[in-house]
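Colleague: fold the stuff below for me.
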Amino acid sequence: MTKNEFLSQLERRLSALPENERNDAIEYYSGYLDDAGEDEAKAIEHLGSPAEVAANIFAEYAVSDTRTPDDTEPERERKFTLPIAWTVILAIFAVPIGLPLAIAVAVVAIALLAVIFSLAVAFGATAFGLVVGGAAGVVVSLIALFQNVPLALMMLGSTLVVLGLGIMFMKLTVTISKSGFSSISRFVGNVIMRRVKK
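Modeller: Numbering: from 1, shown residues only. Below is the predicted model of the structure:
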């Protein structure tokens, strides 16, 4: 990129600045590149792209803009001029940090959902197996009641225990599913709300 191309792109990007500030910036960088002499390309590479230089100029302008506001200007407008500029600048610099953090939070939430879903499926399958096995055992022990009463009563007692465990696992499955999924949704909602409030 030549000096003239660099300066014309920079001037175009600085069009939002007041004319005197824009002219001062263009004169400064023109002089800087003139001082570079034959190393003009190296100097331009050292400065960075016109977009980067313009972003730095806007940041410096926002910080150095200490004009005294008119007495007619409301106090509220005077108070929030600088913080908005800083917010924009900080938002630009926070993207490389914020985006990976958002991805990490999403991955953690998905992993927690997978764990809770796996536990719910495991407890549900266990409960189903215990209930079906207990029901089948009750039927078998009732049939055995006509052949061997003590054995049938022992079988009936043990199958009722298995049936009770199956019902307990069903309740546990429902509890884990409800509380786990609602806790994760609250966690994700809180994280999102904290990010939105900042």
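
Colleague: average model confidence for the longest helix seen in the chain?
Modeller: Counting residues, the longest helix found in the chain (DSSP state H) is helix 75-144. Helix 75-144 shows an average pLDDT of 81 in the prediction.

Colleague: so what's Tyr29 up against?
Modeller: Phe6, Leu7, Leu10, Leu47, Val53 (Cβ atoms under 8 Å, 6 or more residues apart in numbering). Where C-beta positions appear, they are placed from N, C-alpha and C, glycine not excepted.

Colleague: now the first one, nearest residue through space, not along the chain?
Modeller: Right, the one you point to is Phe6. Ile44 (5.3 Å; Cβ to Cβ, 6 or more residues apart in numbering).

Colleague: same question, Met155
Modeller: Per Cβ to Cβ, 6+ apart, closest to Met155 is Ser141, 3.8 Å.

Colleague: so how far is Gly166 from that neighbour?
Modeller: 16 Å (Cβ to Cβ, to the nearest Å).

Colleague: tell me the buried residues in stretch 152-159?
Modeller: Ala152, Met155, Leu156, Thr159 (16 or more other Cβ atoms under 10 Å).

Colleague: check which residues of stretch 84-99 are buried.
Modeller: So, applying 16+ other Cβ under 10 Å, buried residues of stretch 84-99: Ala85.

Colleague: picking that back up, any idea which of the buried residues of stretch 152-159 is closest to Ile103?
Modeller: Thr159 (50.6 Å; Cβ to Cβ).

Colleague: now that closest one: which helix or strand?
Modeller: helix 149-197 (DSSP states H and E).

Colleague: before we move on, what about Glu11?
Modeller: Going by DSSP H and E, Glu11 is part of helix 3-13.

Colleague: which strands and helices sit next to that helix?
Modeller: Counting contacts by 3 or more Cβ pairs under 8 Å, 6 or more residues apart in numbering; DSSP states H and E, helix 3-13 packs against helix 19-36, helix 40-47, helix 50-64.

Colleague: hmm, try it at 6 Å
Modeller: If contacts are counted by 3 or more Cβ pairs under 6 Å, 6 or more residues apart in numbering; DSSP states H and E, helix 3-13 sits against helix 19-36, helix 50-64.

Colleague: lowest average confidence across these, which one?
Modeller: Looking at the helices and strands packed on helix 3-13, the weakest mean confidence is helix 50-64, a mean of 78.
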